[in-house]
Every structure is written in structure tokens, then in C-alpha cells.
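Student: Fold the following and give me the result.
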Amino acid sequence: MTYKAAVITVSDKGFRGEREDTSGPNLVHLLTDKGFDVTYTSMVPDEAEAIQRELCKCADELGIALVLTTGGTGFSPRDITPEATLAVVERLTPGIPEAMRAESMRITPKACLSRSVAGIRNRTLIINLPGSKKAAEENILAVIDPVMHGLEMLLGEGSADCAR
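Tutor: Numbers count the residues shown, from 1 in each chain. Alright, predicted model coming up:
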């Protein structure tokens with residue numbers, strides 16, 4: 001089954017045109033390669049209302065199955081993507097960011113500083129990724145196969161066969 005996906009880049013500098021977004025387009029490419037239909041992309045500044053508005057639009061209006069955000073997950077005072085995400089999700093999926101951090105720790109000990117979260121709003125799975133192209137790619141590739149199974153369960157009519 002093909003799922004609709006969206007990629008939202010969160011970056012003050014990108015939004016102002018001061019920095020080229022490499023992470024967002026790379027995520028679109030990775031998702032497309034995995035069979036997703038990326039039907040929506042956007043770039044927003046590091047502002048809670050703007051992030052929340054985009055997440056809600058994807059989940060409530062566009063019926064997107066998977067929303068990836070990239071950026072705003074670090075320690076900078078403007079990094080508020082996890083808080084904006086927590087404000088709109090209805091159910092947390094803590095295993096996803098735990099798995100991403102665990103895999104990233106194999107590459108760099110700084111991975112423990114990631115504040116990424118993941119959760120479900122309606123029938124949309126939202127996952128925060130780092131803003132760096134390399135880190136975002138490593139993180140999503142660490143979980144994309146189980147995420148696809150999770151989407152099957154989230155969007156199916158009953159429970160998916162977890163014993164496969």
C-alpha cells in the first residue's frame with residue numbers, strides 16, 4: 001500500500017532564505033524511494049504556532065499518514081519543535097525516538113542530546129528528526145521499516161498481524 005507523506009522543515013534561516021534546505025528535499029527523496037507518495041512539503045520558522053498549524057493541517061485537513069519534521073530538536077532556545085509537536089499529538093509513540101537515538105549513538109555520542117518526539121494525531125504519525133541532512137537520514141532509516149508496519153496498523157480496519 002502507498003501512504004501519503006509530508007515533510008516540514010523547521011528553520012528560521014531557511015524560512016528567511018538565508019540557508020538552503022538540504023534535509024527536507026533529502027527526506028522527500030528517501031520517502032519516495034521507500035514507496036511513499038510525498039504530497040506536501042513546507043518550511044516554517046521556529047515558531048510554535050506555525051509548526052502546530054502545519055502539523056494540524058497535515059493530520060486534520062490533508063489526511064497525511066506520515067509527517068516528518070526536520071529541525072528544531074536541539075538545545076538552542078529557538079529549538080521548540082518537540083514542544084510544538086507534543087501540543088498537537090493525542091498519543092505518544094516513544095519507541096520511535098528511542099530507537100533513533102539508540103542507532104545514532106552508534107555513530108556519535110552527541111545523539112543523546114536529541115529531543116525528538118513522535119506521536120499520533122487522528123490517523124497521522126508525526127516524527128521529529130534533526131535538522132542536519134546526515135542526521136535526519138540516519139534517524140529515519142533506523143526506523144522506517146517498523147514505521148511502515150505501524151502505519152499499516154494505524155490506517156487498517158483492524159489490528160495488523162504483528163507476529164510476522
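Student: CA only for contacts and neighbour counts going forward, please
Tutor: Noted.
Student: tell me the contacts of Gln52?
Tutor: Ala84, Thr85, Ala87, Val88 (Cα atoms under 8 Å, 6 or more residues apart in numbering).
Student: rerun at 10 Å
Tutor: Cys58, Thr81, Glu83, Ala84, Thr85, Leu86, Ala87, Val88, Val89 (Cα atoms under 10 Å, 6 or more residues apart in numbering).
Student: How about the contacts made by the second one?
Tutor: To tie it back to what came earlier, the one meant is Thr81. Contacts of Thr81 (Cα under 10 Å, 6+ apart): 10-11, 46-48, 51-52, 69-74, 87, 115-117, 128-130.
Student: Can you flag the buried ones in the residues you listed?
Tutor: By neighbour count, with 16 or more other Cα atoms under 10 Å, those hold 10-11, 46-48, 51-52, 69-74, 115-117, 128-130 as buried.
Student: returning to what we had before: most neighbours among the contacts of Gln52, which one?
Tutor: In terms of neighbours by other Cα atoms under 10 Å, the contacts of Gln52 top out with Thr81 at 28 neighbours.
Student: just to revisit the earlier point, turn the contacts of Gln52 into CSV, columns for pLDDT, distance to Arg101 and secondary structure.
Tutor: Formatted as CSV, the contacts of Gln52 follow (pLDDT from 0 to 100; distance: Cα to Cα, whole Å; DSSP: H, G, I helix; E, B strand; the rest coil):
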residue, pLDDT, distance to Arg101, secondary structure
Cys58, 98, 25, helix
Thr81, 98, 16, helix
Glu83, 98, 18, helix
Ala84, 98, 20, helix
Thr85, 98, 18, helix
Leu86, 98, 18, helix
Ala87, 98, 22, helix
Val88, 98, 22, helix
Val89, 98, 20, coil
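Student: Grab the two from these that are most spread out in space.
Tutor: Spatial extent of the contacts of Gln52 (Cα to Cα) is set by the pair Cys58 and Glu83 at 17.4 Å.
Student: so what's Ser159 scoring on pLDDT?
Tutor: At Ser159, the model reports a pLDDT of 60.
Student: The one 3 residues further on now?
Tutor: On pLDDT, Cys162 comes in at 57.
Student: OK, contacts around the nearest residue to Ser132 once chain neighbours are set aside?
Tutor: Spatial nearest neighbour of Ser132, excluding adjacent residues (Cα to Cα, 6 or more residues apart in numbering): Ser23 at 6.1 Å. By Cα under 10 Å, 6+ apart, the contact set of Ser23 is 7-9, 29, 69-71, 129-137.
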